[in-house]
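Student: Quick one, fold the following:
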Amino acid sequence: MADLFDLAAPMPDPAPRPLADRLRPVRLSEVVGQDHLLGPDGPVGAMLRAGRLSSLILWGPPGVGKTTIARLLAQETDLRFEQISAIFTGVPELRKVFDAARLARRQGQGTLLFVDEIHRFNKAQQDGFLPVMEDGTIILVGATTENPSFELNAALLSRAQVVTLRRLDPADLERLAQRAEKALGHPLPLQPEAREALIAMADGDGRALLNLIEQIDGWQAKQPLDAAALSARLRRRAALYDKSGDGHYNLISALHKSVRGSDPDAALYWFARMLEGGEDPRYLARRITRMAVEDIGLADPQAQGICLAAWETYERLGSPEGELALAQAVVHLALAPKSNATYVAYKAAREAARRTGSLPPPAHILNAPTRLMKEQGYGAGYEYDHDAEDAFSGQDYFPEGMKRGVYYVPVDRGFERELRKRVEFFAGLRAKRRREREAGGRGGRG
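Tutor: Okay, here's the model as predicted:
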């Protein structure tokens, strides 16, 4: 695979430069891991082939080439490249950038404006880009690690195409490692298992990998290091996890769906990933309890209580022992019978309540504490269920003129199997009482 090293040969430079900078690609074809975007069939590749580059939002994790891609897009389309960071740029600086782009345009030179961390601009600042995007003063290329759907306003998103960059997989990182070895002029002093550990430490971040390689090269080790020696000298890159960002929502979604899918091992893995990322166990306790209510319900009536007990146990024990109680609750939920019948019934009942407005309850189930209310017919014809056969009158409790609704349909799993029998029993008994009323001409509503 020696030919891979030739893709980004280092240029002579007397000043010391970080390895990651020395190996920065000089052509889009040298960018690793993003062929789905930059290849001939990818959205960016197709734009370049057609000679029509539009504004882009590059969404992806750190160290996958967002800045490099933006710079090379300007190079390959003969656009003037301007780079700013949303962290350090305010409205006055933006005006200067736009003025310079207008001047360049009058001189026949287009501008590609690369905005790093674009999600850090507020709504007013984001709106400031709209006129210069619409009149062609700039081609905007924004970079963000956060979900654009949450962080960028709709007007900006409507004028730019969002493309997603992938985290680098082990094969991509290995290609970068080989390029680094070519640039350094010698192989890394690592045994095979240590090399694998190095790739894992980078956690999909190419820049992090090159920085780690530079550290290893600085040791000038005489003998190849094994995995244990490497781990003793290098710290694993912290997992990408923002407790208020997209990583947070992705992982809690993965945990929830693993529980719903009855996979205790996957559920424990995502639970552990969130804890390792620094998630507040109290947040996890709340979400786990929600899973019990939403996805298990009455199929296992104990599940909710187990979650609440685990939550209380965590509050009493704290970390790390209390987290074991939460882990036990996760396992119980994953293995419990599943039902969202109550959740579905609740939503259907809410919809019916909104649809029927302010229909009053039927008169026969209204209390009549005063004579006037009795004269108005409140409580007339009410049948006390405990006096009825089987303690079941079978009266209608829906508003006058409203068709009886059926919202709760229990599943044939877990404890809801028994509840299903009861629902069917009372439905049959209700129909029997209705026939008896019709035959006997008794009062009350059937």
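
Student: pLDDT below threshold where in the stretch 101-250 of the chain?
Tutor: For the stretch 101-250 of the chain, the stretches with pLDDT under 70 are 235-247.

Student: Tell me where it has helices.
Tutor: Using DSSP state H, counting those that start in this stretch, the helices found in the stretch 101-250 of the chain span residues 123-127, 130-134, 148-151, 154-157, 170-184, 192-202, 206-219, 227-233, 246-260.

Student: right, so of these, which gets closest to Thr313?
Tutor: helix 246-260 (18.8 Å; CB to CB). Glycine gets a C-beta too; all of them are placed from N, C-alpha and C.

Student: In that closest one, which residues are buried?
Tutor: Across helix 246-260, burial judged by 16 or more other CB atoms under 10 Å covers 246-248, 251-252, 254-256, 258-260.

Student: Now do Asn328: how many residues are near it, please.
Tutor: One correction, residue 328 is Gln, not Asn. 15 (other CB atoms under 10 Å).

Student: and if you look at Gly381?
Tutor: 14.

Student: same thing with Asp387?
Tutor: Using other CB under 10 Å, Asp387 is surrounded by 8 other residues.

Student: Compute the distance between it and Phe425, please.
Tutor: When distance is defined by CB to CB, to the nearest Å, Asp387 is 20 Å away from Phe425.

Student: One more: Pro92?
Tutor: In terms of CB to CB, Pro92 sits 75 Å off from Phe425.

Student: So those two - more neighbours on which side?
Tutor: Phe425 (12 against 7).

Student: That one sits in which helix or strand?
Tutor: Per DSSP states H and E, Phe425 falls inside helix 416-440.

Student: which outside residues touch that helix?
Tutor: For helix 416-440, the surrounding residues in contact (CB atoms under 8 Å, 6 or more residues apart in numbering) are 297-299, 337, 339, 341, 388, 390, 392-395, 408-412, 442, 444, 446.

Student: so for that helix, what's the average pLDDT?
Tutor: The average of the pLDDT scores along helix 416-440 is 90.

Student: Please report how far the closest residue in space to Leu359 that isn't next to it in sequence lies from Pro361.
Tutor: In space, and not counting its chain neighbours, Leu359 is closest to Pro399: 3.7 Å by CB to CB, 6 or more residues apart in numbering. Computed as CB to CB, the Pro399 to Pro361 distance reads 6 Å.

Student: what sits in contact with each of these two?
Tutor: With CB under 8 Å, 6+ apart as the test, Pro399 and Pro361 reach no residue in common.

Student: quick one on the thing from earlier: would you mark the buried spots in the helix holding Phe425?
Tutor: 416, 419-420, 423, 429-430, 433, 437.

Student: And this protein, what are its domain boundaries?
Tutor: 34-164, 170-233, 246-335, 341-440 (automatic domain parsing).

Student: Take those domains and lay them out in TSV including distance to Asp21.
Tutor: Output for the domains of the chain, formatted as TSV (distance: least, CB to CB, whole Å):
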stretch	distance to Asp21
domain 34-164	10
domain 170-233	9
domain 246-335	27
domain 341-440	53
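
Student: wait, which of the ones you listed is closest to Arg24?
Tutor: Closest among the domains of the chain, once you apply CB to CB, is domain 34-164, at 5.7 Å.

Student: Skipping its backbone neighbours, what lies nearest Leu210 in space?
Tutor: Leu210's closest residue in space is Ala20 (CB to CB, 6+ apart), at 4.1 Å.

Student: Who are the packing partners of the helix or strand where the one you found lies?
Tutor: Ala20 is part of helix 19-22, with elements assigned from DSSP H and E. Where contact means 3 or more CB pairs under 8 Å, 6 or more residues apart in numbering; DSSP states H and E, helix 19-22 is packed against helix 170-184, helix 206-219.

Student: Phi first, then psi, for Gln83.
Tutor: Gln83 adopts backbone torsions of phi -120, psi 130, taken as degrees, to the nearest 10.

Student: wait, what's in contact with it?
Tutor: With contact set as CB under 8 Å, 6+ apart, Gln83 has these partners: 67, 70-71, 113-114, 116.

Student: on that earlier part again, could the helices and strands packed on helix 19-22 go into CSV alongside mean neighbour count and distance to Gly377?
Tutor: Converted to CSV, those look like this (neighbours: other CB atoms under 10 Å; distance: least, CB to CB, whole Å):
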stretch, mean neighbour count, distance to Gly377
helix 170-184, 19, 77
helix 206-219, 19, 77
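
Student: could I get those helices as CSV with distance to Gln328?
Tutor: CSV is the format used below for the helices and strands packed on helix 19-22 (distance: least, CB to CB, whole Å):
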stretch, distance to Gln328
helix 170-184, 34
helix 206-219, 35
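
Student: Could you look up the SS state of Glu82?
Tutor: Here Glu82 is strand, with the state taken from DSSP: H, G, I helix; E, B strand; the rest coil.

Student: ok, for it, nearest residue in space, not its chain neighbours?
Tutor: Leu113 (4.9 Å).

Student: my guess is that neighbour contacts Ala143, does it?
Tutor: No - assessed by CB atoms under 8 Å, Leu113 is found out of contact with Ala143, at 11.5 Å.

Student: what's around the nearest residue to Arg166 once chain neighbours are set aside, how many residues?
Tutor: Residue nearest to Arg166 in three dimensions, not counting chain neighbours: Gly33, with 5.9 Å by CB to CB, 6+ apart. Using other CB under 10 Å, Gly33 has 22 neighbouring residues.

Student: residues in contact with Gly33?
Tutor: So Gly33 contacts 64-65, 165-169, 172, 206 (CB under 8 Å, 6+ apart).

Student: And for Gly39?
Tutor: Per CB under 8 Å, 6+ apart, neighbours of Gly39: Gly45.

Student: So which bits of stretch 346-362 are buried?
Tutor: Result for stretch 346-362 [16+ other CB under 10 Å]: buried residues 346, 362.

Student: residues making contact with it?
Tutor: Against stretch 346-362 from outside (CB under 8 Å, 6+ apart): 396-402, 405, 407, 445.

Student: Nearest to Pro16 among those residues?
Tutor: Nearest member of these to Pro16, counting by CB to CB, is Tyr407, at 71.1 Å.

Student: What does the pLDDT read for that closest one?
Tutor: 93.

Student: try Lys374
Tutor: Reported pLDDT for Lys374: 83.

Student: From Pro362, how far out is it?
Tutor: Lys374 is 16 Å from Pro362, by CB to CB.

Student: Quickly note the distance from Val31 to Lys182.
Tutor: 17 Å.

Student: actually Ile57, not the one I typed
Tutor: Distance from Ile57 to Lys182, counting by CB to CB: 33 Å.

Student: for Phe98, same thing?
Tutor: Distance from Phe98 to Lys182, by CB to CB: 42 Å.

Student: Also Lys374?
Tutor: Relative to Lys182, Lys374 is positioned 97 Å away (CB to CB).

Student: Then Phe398?
Tutor: The gap separating Phe398 from Lys182 is 78 Å, by CB to CB.

Student: try Leu73
Tutor: Leu73 is 26 Å from Lys182, by CB to CB.
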